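> show me the folded form of this:
(one chain, ligands or ions: 1)
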Amino acid sequence: MPFDTQALNKQRQNLADYDEIWLFGYGSLIYKVDFEYEASEFAYIENYARRFWQGSHDHRGTPDNPGRVLTLIPEKSARCFGRAFKVSHDVFAHLDHREKNGYLRDEIAIQLTNNRVVCGLVYIASPDNAAYLGEASISSIAKQIFNSTGPSGKNRDYVYQLAHALREHNETDEHVFAIEQALIAME
Ligand code: SIN
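Model (predicted):
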């Protein structure tokens, strides 16, 4: 799979087929909302966990010194809390560009409030993408994040902003919070 997934994403779903489109954000899409939406609510998906296993060559790092950002890893019985946005199909040209470094759009069941479940879309960077970095210890992930900066800013700010957003909603994520603590210890 190439680094730039924009062309692949264009072929993935026929967005015109959806009566309404819900997007699930679990990383920067939670706190950096640079697209229009009709509605937004806190939501979760099942059987996936957030991990800092994806390389960032375009936002939080550079081609020579990639940062680490989140992707979703299948994990039975796990629950990943995030934010769901009801959007129009117009926003996907922008989102596909923003998420072009290895992410593909997948369909997913999103659990909204009041026990509503919708079939929506989520960007996932799978292990076969060119920017994938994979598993590493908390300390080496934190060290790489601490030392990376890209056009969207310091890699560590991605972690701090996400951790802050999760806490605001009384949610915990052991992986995210462990990396946040390791980063704070390095400051
Ligand atoms: C997401 O936030 O849903 C995708 C990963 C990212 O952009 O951080």
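> ok, Glu37 to Val69 distance?
One thing to correct before we go on: residue 37 is Tyr, not Glu. Separation of Tyr37 from Val69 (CB to CB, to the nearest Å): 21 Å. For the C-beta atoms, the positions are set from N, CA and C on the backbone; glycine is no exception.
> alpha carbons of stretch 45-59, as CSV, please.
Listed next in CSV are the C-alpha coordinates belonging to stretch 45-59 (Å, rounded to 0.1, in the frame of the first residue of the first chain):
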residue,chain,number,x,y,z
ILE,A,45,-16.7,1.3,19.2
GLU,A,46,-16.2,-2.3,20.3
ASN,A,47,-13.3,-4.8,19.7
TYR,A,48,-10.7,-2.2,19.0
ALA,A,49,-8.0,-0.5,21.1
ARG,A,50,-6.1,2.7,20.4
ARG,A,51,-2.3,2.3,20.0
PHE,A,52,0.5,4.7,19.0
TRP,A,53,1.7,2.3,16.4
GLN,A,54,1.3,4.5,13.2
GLY,A,55,4.1,6.6,11.9
SER,A,56,3.5,10.3,11.1
HIS,A,57,5.7,11.7,8.4
ASP,A,58,3.4,14.6,7.5
HIS,A,59,1.7,16.0,10.6
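> is any part of it close to the ligand?
No. Contact of stretch 45-59 with the ligand is not found when judged by CB under 6 Å from any ligand atom; the minimum separation is 7.7 Å.
> quick revisit: so between Tyr37 and Val69, which is more surrounded?
It is Val69, of Tyr37 and Val69, that has more neighbours when counted by other CB atoms under 10 Å, with 31 against 16.
> ok, and for the helix or strand that one falls within, which residues are buried?
Using DSSP states H and E, Val69 falls within strand 67-87. Under the neighbour-count criterion of 16 or more other CB atoms under 10 Å, strand 67-87 has 67-73, 80-87 buried.
> that one pairs with which strands, parallel or anti?
If you go by DSSP bridges, strand 67-87 pairs up with strand 21-25 (antiparallel), strand 39-56 (antiparallel).
> next secondary structure after the shortest one?
For strand 21-25, the succeeding helix or strand toward the C-terminus, using DSSP H and E, is helix 28-31.
> average model confidence for that next one?
For helix 28-31, the mean per-residue pLDDT is 97.
> what sits closest to the residue nearest to the spatial centre of the chain if chain neighbours are left out?
Centroid-nearest residue in the chain, with CA atoms, centre = their mean: Gly27, separated by 3.6 Å. Excluding the flanking residues, the one nearest Gly27 by CB to CB, 6 or more residues apart in numbering is Leu70, at 3.8 Å.
> okay, that neighbour: pLDDT?
98.
> any idea how far Ile179 is from it?
From Leu70 to Ile179 the distance is 10 Å (CB to CB).
> now swap in Thr62 and tell me
Here Thr62 is placed at a distance of 20 Å from Ile179 (CB to CB).
> which parts of stretch 140-154 are buried?
Ile141, Ala142, Gln144, Ile145, Phe146, Ser148, Gly150, Ser152, Lys154.
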